[in-house]
Structure formats: C-alpha cells, structure tokens
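# predicted model and sequence follow; I will ask about them next.
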Amino acid sequence: MPNLPIIGFIGTGVMGHSMAGHLASAGYTLEVHNRTKAKAQSLLDTGAHWHDSAASVARAADVVITMLGFPTDVEETYLGEDGVIAHARDRALLIDMTTSSPVLARRIAAAGAARGLQALDAPVSGGDIGAREAKLVIMTGGEQAAFERAQPILQLLGKNISLLGPAGAGQHCKMANQIAVAVGMVAWCEALAYAREAGLDPQAVHASISGGAAGSWAMTNLAPRALAENFAPGFYVKHILKDIRIAVESAAEMKLELPGLICAQELYERVAALGWEDSGTQALYRLYTSH
C-alpha cells in the first residue's frame, strides 16, 4: 500500500502481538523482532519480516514501536550500542508503549532529539482484551508534532488517545492509572473473599455488586477469571509489581505518601514469593482463598 510508513515492532508478547496484528491488517509493512521468535510466527506467516535484533529493525523502519517488559529492556533496546537510536533511519519516529520510568522516557527523548529523531512515550491500559479489541487507552508524552504524526497509527490500537505533556508525561499518567489498578485489585479481592467466608456464593455476589458503585473494569473482567480459577495472564503479576515499584519510586521522589499503594505492593510481593509471578494479576485472589 503506497505512502504508508514502514513500521518496526519490537515485542510481540501477550499485548504486542495483537497490536502488531492490527497494524498489519491496516496494510502497514511490519518489520518485527521479539526475544522469542515463535511468539511472532503468526505475524511472519501473514507477511511480517523477521529481524534478529532491534538495530536491524531500526534500520528497516520509518516508525519503531516497542512493547517490552521492563525498563531495563527499554533502556537496552533504545540506548544500547546496538539499540534503536544508534541505528534508526533519519527523522524516524520512536514510540515506546511499554510501561516504564518517566525519567527513562525523558532520556530516550533527549537522545533521540540529538539525532534528529522524534520520540513518544505512549504506555497503554486495557490489557490483553483491550489490545485484542483495539480499545486500548493510550497515554502519551512528547512533542505535539510527533503526536500528530503518530495519530494514524495509534488510532488503530486504541480509542482513548491523549497527549498529556512533554516527554515522560505519558509514563506519569500510566503510573496514576496503575496506582488505581493496583489498589482496586485489592478492593475486589477482599470484597469477594469476605463474601466467600460469610457463606455466600461469590459469583452471585459478584453479579450483584459489579454493576453498582463497587464496579470497575477489573471487577467486570478479572474477578470472573479468578472465581473460575483461571489465572492465565492477561497482565502478569511480575509486570504489575514492576509498575508498582516505579510508581512508589516516583512518589518518593515527589515526597508523596501513598499508603494504599504500599499495601498493594506488599500483597503482590507475597503473590510473587509464592511462585505466581507469571500468573495474571487476578492471582492476587488466591492469597485470600488458599488457606
């Protein structure tokens, strides 16, 4: 399809795979890299081109999108010797959609600008369902011109897309989101655990309270999985813990106390210590029901 930029996509895991698939379906040429090639295979089967490194993707693409696991992955992918910034095409647009550190987002933007590249931090919310249905919330930090350039692409991935401010602003917004998510997870787990111990049917209680003031996205989408003992990851425990730690660190820098978030951190640390870090975040419910 003429006039469409070539997109490099790095990170085709639980969410990235669906996101890249939407771009391919819209006619974009995809250049992909993932730590495990098998997780990109269905994209390759439908025409995407495989690369063995982030540098190779960067050399082949006009726009590079990353959807990675941890800030260390982001730092290496963008700022390493064999990273995206060192090997990107002239005037390339870089969009990191990983939930990462606001400080790192500013470093990437500065390093990109020094090479004449545009960079956005654009973390998302909505989990595997939002990625699959192209209904992600996309929280963006960066320059207005880069945001406008990214819009046709981002609109294929989400429905609520905002520019919150300069580099790092998207990550700060995502931290606010994750604070609400983490503390909210504790809320529905404790509500349903209470119902269970009171001798009620937790599924009946869920049906009763999820549509009222106690309702939330997690109550609607994740509580039923937990009640069915389905702990497969839509969003990993290890990733919510990573996000909580970033938020706690950022709050400490601002001298802001967040006791609810500290409580959620302690509980998710216990979940991870029990060996459930590769489960979905709804595995928190198991703390209340495994005694």
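Yep, it's here. Residues are numbered from 1 along each chain as shown.
# outside of stretch 263-272, which residues touch it?
Contact with stretch 263-272 is made by 182-183, 185-186, 237-238, 240-241, 244-245, 248, 277, 279, 283-284, 286-287, as judged by Cβ atoms under 8 Å, 6 or more residues apart in numbering. C-beta: built from backbone N, CA, C; applies to glycine.
# buried ones among those residues?
182-183, 185-186, 237-238, 240-241, 244, 248, 277, 279, 283-284, 286-287 (16 or more other Cβ atoms under 10 Å).
# what's the residue lying farthest from the centre of the chain sitting at in phi/psi?
Most distant from the centre of the chain: Gly199, at 37.0 Å, with distances by Cα atoms, centre = their mean. Main-chain dihedrals, Gly199, degrees, to the nearest 10: phi 90, psi 10.
# got a pLDDT number for it?
According to the prediction, Gly199 has pLDDT 98.
# gap between it and Ser210?
According to Cβ to Cβ, to the nearest Å, Gly199 stands 20 Å off from Ser210.
# sec struct for Glu75, please.
What DSSP: H, G, I helix; E, B strand; the rest coil gives for Glu75 is helix.
# out of the buried ones among the contacts of stretch 263-272, which are inside helices?
Ala182, Val183, Met185, Val186, Val237, Lys238, Ile240, Leu241, Ile244, Val248, Arg286, Leu287 (DSSP state H).
# among the residues you listed, which two are most distant?
Maximum pairwise distance in these, criterion Cβ to Cβ, is 23.0 Å, between Val248 and Arg286.
# which stretches in the stretch 1-150 of the chain count as strands?
Ranges of strands in the stretch 1-150 of the chain, per DSSP state E, counting those that start in this stretch, are 7-10, 30-33, 49-50, 63-66, 93-96, 118-121, 124-125, 136-141.
# checking Leu164 next. Helix, strand or coil?
strand.
# do you know how far it is from Arg196?
Using Cβ to Cβ, Leu164 is found at 40 Å from Arg196.
# pipe the ones in helices among the buried ones among the contacts of stretch 263-272 into JSON lines and attach pLDDT per row.
Formatted as JSON lines, those follow (pLDDT from 0 to 100):
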{"residue": "Ala182", "pLDDT": "97"}
{"residue": "Val183", "pLDDT": "98"}
{"residue": "Met185", "pLDDT": "98"}
{"residue": "Val186", "pLDDT": "98"}
{"residue": "Val237", "pLDDT": "96"}
{"residue": "Lys238", "pLDDT": "95"}
{"residue": "Ile240", "pLDDT": "95"}
{"residue": "Leu241", "pLDDT": "96"}
{"residue": "Ile244", "pLDDT": "97"}
{"residue": "Val248", "pLDDT": "97"}
{"residue": "Arg286", "pLDDT": "97"}
{"residue": "Leu287", "pLDDT": "97"}
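# for this structure, what helix or strand is lowest in average pLDDT?
Lowest mean confidence among the helices and strands of the chain (mean pLDDT, DSSP states H and E): helix 127-132, at a mean of 90.
# give me the contacts around that one.
14-16, 18-19, 124, 135-137, 157-158, 221, 233-235.
# how does it look with 7 Å?
Val14, Met15, Ser18, Met19, Leu136, Asn221, Gly234, Phe235 (Cβ atoms under 7 Å, 6 or more residues apart in numbering).
# need the max-distance pair from the buried ones among the contacts of stretch 263-272.
Distances among the buried ones among the contacts of stretch 263-272 were taken as Cβ to Cβ; the most separated pair is Val248 and Arg286, at 23.0 Å.
# quick check, Ala119 in contact with Gly142.
Yes. Using Cβ atoms under 7 Å, Ala119 is in contact with Gly142, at 6.2 Å.
# residues that sit against both of these two, list them.
Common contacts of Ala119 and Gly142, defined by Cβ under 7 Å, 6+ apart, comprise Ala109, Ala167.
# what about the closest residue in space to Ala122 that isn't next to it in sequence, neighbour count?
Nearest residue to Ala122 in three dimensions, chain neighbours excluded: Thr140, at 4.5 Å (Cβ to Cβ, 6 or more residues apart in numbering). Neighbourhood size, Thr140 [other Cβ atoms under 10 Å]: 26.
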